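>>> Got a sequence here, can you model it:
(one chain, ligands or ions: 3)
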Amino acid sequence: MPDNIRVTIQRQDSPQSQPYNETFEVPHKPQMNVISLLQDIAASPVTTEGRETTPVVWDCNCLEEVCGACSMVINGRARQACTALIDNLLKEHPTIDLKPMSKFPVIRDLFVDRKRMFNALKKVKAWIPVDTYGYIGEGPITSPETHDVRYPLSQCMTCGCCLEVCPQVNENSDFIGPQAIGQAMLFNTHPTGAMTANERLDALMEKGGVADCGNAQNCVKACPKGVPLTWAIGKAGRDTTALTFRRWFMKK
Ligand code: SF4
Ligand code: SF4
Ligand code: FES
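Ligands and ions are numbered 1, 2, ... in the order given. Here you go, the predicted model:
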């Protein structure tokens, strides 16, 4: 391993300003991840030209690939900074390149606003409705088969890696994105959530819904949690079609 790690970071001072690059050299230490690398830069923010600069801004929370907050583009791939180990990255490439995810507005440097995903979750009502805050006992028991379907979907951490690689998610499209479709199917396959399944399917049939998916399947490959997105998109397509036919026949 090198004595020093060369890191180029795409920086941006405010949501309105233009991005620019800065390069840093950081002493190599064992067991570093991208977060500890950024912490070392923050402790002494001096570029390779010897110019003092501001500490780089990034977001993180759980530090164990559960919250999704630290997602950024690391050496060309959207992933979590907390589980991106420096020694592994250096085996693939001699330098480190960090950029903010491109499908979300930059707040500052590597810190992006992931609100569009949370708005998409609101749109598809990605929750189980309850009519009281009081204790209502245990939830319904589900079969092992249902559990096998739902558990992988429940691992989504709203990180945004699937939106980052999706060609249908761009500044000119309203596409809700694969993550929200996956969560709609998670709650539609819950015994209580199924009571409001049609409301989620209605949201998926609106402009920017599941029909906008181009089926390139980039999303499922990019998901760090193995969420079965193509299964969810396929099921959402079938369920919305079936709902349309049911309503059509009921009118007859
Ligand atoms: S399969 Fe659909 S959601 Fe996934 S990357 Fe392709 S267009 Fe986007
Ligand atoms: S589906 Fe996967 S890639 Fe997409 S937001 Fe959830 S965890 Fe991240
Ligand atoms: S800090 Fe939560 S996923 Fe990295």
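
>>> tell me which element the residue of the stretch 101-250 of the chain found nearest ligand 3 is part of?
When scored by C-beta to the nearest ligand atom, the stretch 101-250 of the chain has residue 157 as its residue closest to ligand 3, at 6.3 Å. For glycine as for every other residue, the C-beta is placed from the backbone atoms N, C-alpha and C. Using DSSP states H and E, residue 157 is not contained in any helix or strand.

>>> I figured it hits residue 225, correct?
Yes - at 6.3 Å, residue 157 counts as touching residue 225 under the criterion of C-beta atoms under 8 Å.

>>> where do the contact lists of those two overlap?
Jointly contacting residue 157 and residue 225 under the rule C-beta atoms under 8 Å, 6 or more residues apart in numbering are residue 65.

>>> coming back round to it: what about the nearest residue to the residue of the stretch 101-250 of the chain closest to ligand 3 once chain neighbours are set aside, distance to residue 49?
Spatial nearest neighbour of residue 157, excluding adjacent residues (C-beta to C-beta, 6 or more residues apart in numbering): residue 68 at 3.8 Å. Separation of residue 68 from residue 49 (C-beta to C-beta, to the nearest Å): 34 Å.

>>> Which residue ranges make up each domain of the chain?
4-112, 115-251 (automatic domain parsing).

>>> Now mean neighbour count and mean pLDDT too, for those domains, in a markdown table please.
A markdown table is the format used below for those (neighbours: other C-beta atoms under 10 Å; pLDDT from 0 to 100):
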| stretch | mean neighbour count | mean pLDDT |
| --- | --- | --- |
| domain 4-112 | 17 | 97 |
| domain 115-251 | 17 | 95 |
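
>>> Turn these into TSV, including distance to ligand 1.
What follows is those, written out as TSV (distance: least, C-beta to the nearest ligand atom, whole Å):
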stretch	distance to ligand 1
domain 4-112	11
domain 115-251	3
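
>>> Remind me what the longest helix along the chain packs against, helices and strands.
For the chain, the longest helix by residue count, based on DSSP state H, is helix 229-251. Under the contact definition 3 or more C-beta pairs under 8 Å, 6 or more residues apart in numbering; DSSP states H and E, helix 229-251 sits against helix 178-188, helix 197-205, helix 218-222.

>>> Specify the angle between that helix and helix 197-205 in degrees.
110 degrees (axes from the mean of the first three to the mean of the last three C-alpha atoms, to 10 degrees).

>>> just to revisit the earlier point, with distance to residue 169 as added columns, please give the helices and strands packed on helix 229-251 in CSV.
As requested, the helices and strands packed on helix 229-251 are exported to CSV (distance: least, C-beta to C-beta, whole Å):
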stretch, distance to residue 169
helix 178-188, 8
helix 197-205, 15
helix 218-222, 9
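
>>> can you map out the helices along the protein?
Using DSSP H, the helices of the chain run over 34-43, 86-92, 115-123, 144-154, 161-165, 178-188, 197-205, 218-222, 229-251.

>>> Can you tell me which of these is nearest to residue 103?
Residue 103 lies closest to helix 161-165 among the helices of the chain, at 4.8 Å (C-beta to C-beta).

>>> is the closest one anywhere near ligand 3?
No - Helix 161-165 stays clear of ligand 3 (C-beta under 6 Å from any ligand atom), getting no nearer than 10.7 Å.
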